[in-house]
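> Sharing a model that was predicted from the sequence below.
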Amino acid sequence: MRPGPAHGDALFETIFSRLTRQTSREGEGAELYERRGTVLEISEDEEGTGLLVSHERGFALRLFRSGRSAFGAATPESAEFLIEEVRESIPRSRARRGARAAPPVSGDPQTNLPAATPALPEEEPGREILAAFRRYVTAVGEGTAVLSAASVSLGERSERVATTAGRDAAWASRAASLVATVVGRSGADRFSAQVVAAAARPEEIPLARLARYAVDRAVLPLLGRPLDSARRDLLLDAHVAAHVVGRLAPLFLGDEGAALLEARTRDSRDPFGSAAVTLVDDAGVSGGPVRTLRDGEGTPQGRHVVVERGIPALRLSDSAVAARHGAASTGNAVRRAWSEPPLLGVTNFFVDPAGGVAPLQLLSGTVRGLYAAVLLERPWVDVAADRFRLSVAGYTLEKGRASGRVSEAVVSGRISEFLRRIETVGDDLRFVSGAGGGVGSPTLYVPRWKSD
Amino acid sequence: MLRADLELAEDADDAVRIVSGLLRRGDHGEAFRERRTAVSWSASEAGLLTPSVSEERGTAVRIRSDGGALLFAREGNGPESLREVVRDASRRAGGAPFLKARPAAPRRGGGAPAAMAEEETALLSSALARALPDPRGLSLELTVSRVSVTRAVITSRSFFPCGTSVRLLATGLVRRTAGTRPFAFQSAAPYPAAVHALALALKAAARPVAATPAPDGPVDVVLAPAAASVFWHEVVGHPLEAEGGARHSALARVAHAAVAPPGLDVTDDPLLPHLPGSYGYDDEGIPARRVSLIENGRVHGFLTDRRTGGDESNGHGRASDYRRPPRPRLSNLTVAPGNSPLEELLERCATGLLVHEIAAGSLEPESGRFLLLVASAESIRRGRTGAPVSPFALSGDALSALRELDQARGDTALPAEGLGLCMKGGEAVPVGGVSPAILLRALRASAGRS
């Protein structure tokens, strides 16, 4: 196989030519990956302002021989030496029982490759985001909360994969994120909260919603009162629910989670969730932090329904898992960094809000309830033990109205039961970063939930 | 100097001249070079599986002036990469230095990302087998890496080789039918000792989860040395990192006040060899220095970098990698031993919990509220240890916890071999700790957490 047209300088082509010659001699297969990226970050805190500009470029190589594989990665200065280093490792490689490494993927050589070096994002949109977010926090905080630090990061990336089996694919993507610390004050008491939002485009960061969430995180622990764990109608805010959904993702990745999923559904005799729960992985969904055309192995990505109306429907795969099952990869090989081997992961993994209702409509249906507006700690969800526990703050609900602030409440129980008792979902899909990609959910309504 | 250090210093004089030419009157700044290699194995309960090697080189230039900070970073750590980042920085600052471009030559100095030697792999493999003699009912997803990081700082006056640190890291998941627990380990000890410590940690993590639930509510706890190191790190260390909101942390607001029993000293010491957080120069070229945070029970000092401390920085500017700016960060927190054997602490506790391992912790700086996730503990009844209890969370606020700290401390201070990487704002730096066992009163336990 000959690589496509030269992509910037000819280093990729040089390494790949050597690779092709050497691997055909040794009866090996190989995959060469290159990533180039630029990041512009603007930050403000009490010490002053900061501007960060970063360029990166790296190569990664995977060699395959008789069901074994080995990986190596290097920056351009030493990339030419990679082949020998990785080849030395292969004889010591072993495959997990029943999980031999698949040969490199083939198919769809591209002739029109995007620009090799991504452009540096402009500063102005970043500064506008910071200014707008500050205005939102000031307006929502009403004197009880202030923004103490914030940074916005804008990134552009180009990637390329070529294999000795004939694949040559290149694609580009963008990303934006906002990290902010908000401090709430009440008398002498203070509480701070750090919030993070990620989106595929800077204009898609939900600034107003994030400001509301940040202020609630910083203020509710100071102004509210603890709530007991009596039986209540439960409304999980979309942000809170998204974190829980993210903890479910490993169940649908490759073969690892299969046994666990079968145990939770008693070999498919029980549903995974209620009929309101449809779980989707979609690399192109609007509002999702990930928007890419291809995965880390160059496989085209799409929309995959993994749970349809409560019933498991599909498992997500990369080329190795797909080859074991004689199926096509769903395009879920994720490279967290160019220097790490691709892993099976999600793109944007979420509860489908199709058929959902407005959150206000969900609220109107509550009799005596809790609106879990924010998470106070990272959620604990152990699918193996079938338990979950969320420490949240929010509002008590009486006959469809908020009746008081809650500084701390625990929502806990069996995760399988919780999923089966979701009665209705909202239409307000929101994403957070998690599970190696984006995880999302609309507001979830669970009537008469009793935490243990 | 090691070969990797020499490689970064090969153009030292030129590099100092270039950095000196970049900085204008009133500006402060430096260049930073890094080479990071990792030799890793994926591992399962059946042993080592897939090997990988990686090498990353990078250069950054940082400029500080009048409350503003600039950082420009690029891949590569040779002379040409330095020239490129200086060109980037000069363009942004409005200047245009004449630095002739030269093609970058391929480099293999300091040892390319060479695979682990055969005997080292064998040692690791047998350690895993020892840790998991009977892996039935157990599923392990682990990545074990030997990471080597070499750094250098170039100021307008000098070239500072920060040295090379080598650590053994392991992260992953241990799954049993009854539950899943995260596993994290690191050690800066020599390789054979680090591998031995990894085997012990993995063996402990693979034990079946205890069925006895921890009590819910107020509880007295004895923290074993490894767990006590995590407590000091979260409750004393982070609130005294002089940065942004942390400047107003619950502890910082009571500077010089007595917050703990007399006689208690808590010190951050980056100069202790064989602890993961040690270094000779920080990532801004300031010599590492011991800093007393709590002295005789009183809040005494802060950890500073150049941005927060200016020329008075006490050498705690640490960067997670060359792309990120340095921030004031902890290194190794040490607490001197007392003279009470563990049995005496258990007796003083009478009824409570003996905590062996804390898997993770966090602290909200403004209020001082903290949360420690306990992975391994035993109950204490009538001053004696009893049944192991299942994972739970301990919470409290920093000032109350320090006030309620029992004056008696264990008679042996031990390094926390398994203390993991410290994450702050998504940026990880290696840290260590040495502490004796301690007795804390009236923390709050919440069962059902891990």
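In hand now; what should we look at?

> for the chain, which spans come out with low pLDDT?
Here I'm looking at chain A. A:1-8, A:96-102, A:108-115 (pLDDT under 70).

> try again with chain B
Ranges of chain B meeting pLDDT under 70: B:1-4, B:94-116, B:244-247, B:417-420, B:448-450.

> can you rerun that using 80?
B:1-6, B:24-26, B:66-67, B:92-117, B:176-180, B:209-211, B:243-248, B:417-421, B:447-450 (pLDDT under 80).

> Can you name the residues that contact the residue in it that chain A sits nearest to?
Using CB to the nearest CB, the closest approach of chain B to chain A is made by residue B:67 at 3.1 Å. Placement of C-beta: from N, CA and C, glycine included. For residue B:67, the contacting residues are A:47-49, by CB atoms under 8 Å, 6 or more residues apart in numbering or on different chains.

> Highest neighbour count among these?
residue A:47 (18 neighbours; other CB atoms under 10 Å in any protein chain shown).

> Could you double-check that that residue sits in contact with residue B:308?
Yes: counting by CB atoms under 8 Å, residue B:308 is a contact partner of residue A:47 at 6.5 Å.

> intersection of neighbour lists for these two?
By CB under 8 Å, 6+ apart, the residues touching both residue A:47 and residue B:308 are residue B:243.

> coming back round to it: go back to the contacts of residue B:67 and keep what's next to chain B.
By CB under 8 Å from any CB of the partner chain, the members of the contacts of residue B:67 lying near chain B are A:47-49.

> Out of those residues, which comes closest to residue B:324?
The shortest approach to residue B:324 among the ones next to chain B among the contacts of residue B:67 belongs to residue A:47, at 15.6 Å (CB to CB).

> Specify the local secondary structure of the closest residue to the closest one other than its chain neighbours.
Leaving out its chain neighbours, the residue that sits closest to residue A:47 by CB to CB, 6 or more residues apart in numbering or on different chains is residue B:307, at 5.7 Å. Using DSSP: H, G, I helix; E, B strand; the rest coil, the structure places residue B:307 in helix.

> tally of neighbours for residue B:307?
Residue B:307, neighbours per other CB under 10 Å, totals 24.

> Touching, it and residue B:70? I think so.
No: taking contacts as CB under 8 Å, residue B:307 lies outside contact range of residue B:70: 11.9 Å.

> any residues in contact with both of these two?
Common neighbours of residue B:307 and residue B:70 (CB under 8 Å, 6+ apart) are residue B:64.

> and residue 11, what does it touch?
Here I'm looking at chain A. So residue A:11 contacts A:59, A:76, A:79-80 (CB under 8 Å, 6+ apart).

> Hmm, no, I was thinking of chain B.
Taking CB under 8 Å, 6+ apart, one finds B:78-79, B:82 in contact with residue B:11.

> where does it fall, phi/psi-wise?
Geometry field for residue B:11 lists phi and psi as phi -120, psi 30, criterion degrees, to the nearest 10.

> measure it to residue B:19 for me?
Taking CB to CB, to the nearest Å as the measure, residue B:11 falls 12 Å from residue B:19.

> before we move on, back to that, any idea which of the contacts of residue A:11 is closest to chain B?
Checking those against chain B by CB to the nearest CB gives residue A:80 as the nearest, at 5.2 Å.

> What is the burial count for that closest one?
Residues near residue A:80, counting by other CB under 10 Å, number 18.

> Point me to the residue of the stretch 1-150 of chain A nearest chain B.
Closest point on the stretch 1-150 of chain A to chain B, by CB to the nearest CB, is residue A:48, at 3.1 Å.

> actually the stretch 301-450 of chain A, not the one I wrote
For the stretch 301-450 of chain A, CB to the nearest CB, closest residue to chain B: residue A:385, 3.8 Å.

> What are the boundaries of the strands in the stretch 251-400 of chain B?
Ranges of strands within the stretch 251-400 of chain B are B:266-268, B:291-295, B:298-299, B:317-318, B:327-328, B:332-335, B:352-364, B:369-381, B:384-389, B:392-397, based on DSSP state E, counting those that start in this stretch.

> quick one, helices of chain A?
Assigned by DSSP state H, the helices in chain A fall at A:11-26, A:76-79, A:82-89, A:123-141, A:207-223, A:238-248, A:258-264, A:319-325, A:359-364, A:415-420.

> Out of these, which is closest to residue B:327?
Shortest distance between residue B:327 and the helices of chain A, using CB to CB, is found for helix A:123-141: 19.2 Å.

> The closest one to helix A:207-223, inter-axis angle?
Calculated by axes from the mean of the first three to the mean of the last three CA atoms, to 10 degrees, helix A:123-141 forms an angle of 40 degrees with helix A:207-223.

> about what we covered before: mind listing what the residue nearest to residue A:47 touches?
A:47, B:64, B:69, B:317, B:325-327.

> For it, give its distance to residue B:316.
Relative to residue B:316, and taking CB to CB, residue B:307 is found at 11 Å.

> quick one: the helices in the stretch 201-350 of chain B?
Ranges of helices in the stretch 201-350 of chain B, per DSSP state H, counting those that start in this stretch, are B:225-232, B:306-309, B:342-349.

> Deepest in the core, which of those helices is it.
Highest mean neighbour count among the helices of the stretch 201-350 of chain B (mean count of other CB atoms under 10 Å in any protein chain shown): helix B:225-232, with a mean of 27.

> Now do that one: everything it contacts.
B:223, B:266, B:333, B:335, B:355-358, B:361, B:372, B:374, B:401, B:410, B:412-419, B:432-438, B:440.

> Going through these, which ones are buried?
Taking 16 or more other CB atoms under 10 Å in any protein chain shown as the criterion, what is buried in the contacts of helix B:225-232 is B:223, B:266, B:333, B:335, B:355-358, B:361, B:372, B:374, B:401, B:410, B:413-419, B:432-438, B:440.

> ok, back up a step: among the helices of chain A, which is the most enclosed?
Buried most deeply of the helices of chain A, by mean count of other CB under 10 Å, is helix A:238-248, with a mean of 25.

> Show the end-to-end separation of stretch A:441-452, please.
Stretch A:441-452 has its terminal residues 24 Å apart, counting by CA to CA, to the nearest Å.

> for stretch B:150-169, same thing?
Chord length of stretch B:150-169, first to last residue, is 16 Å (CA to CA).
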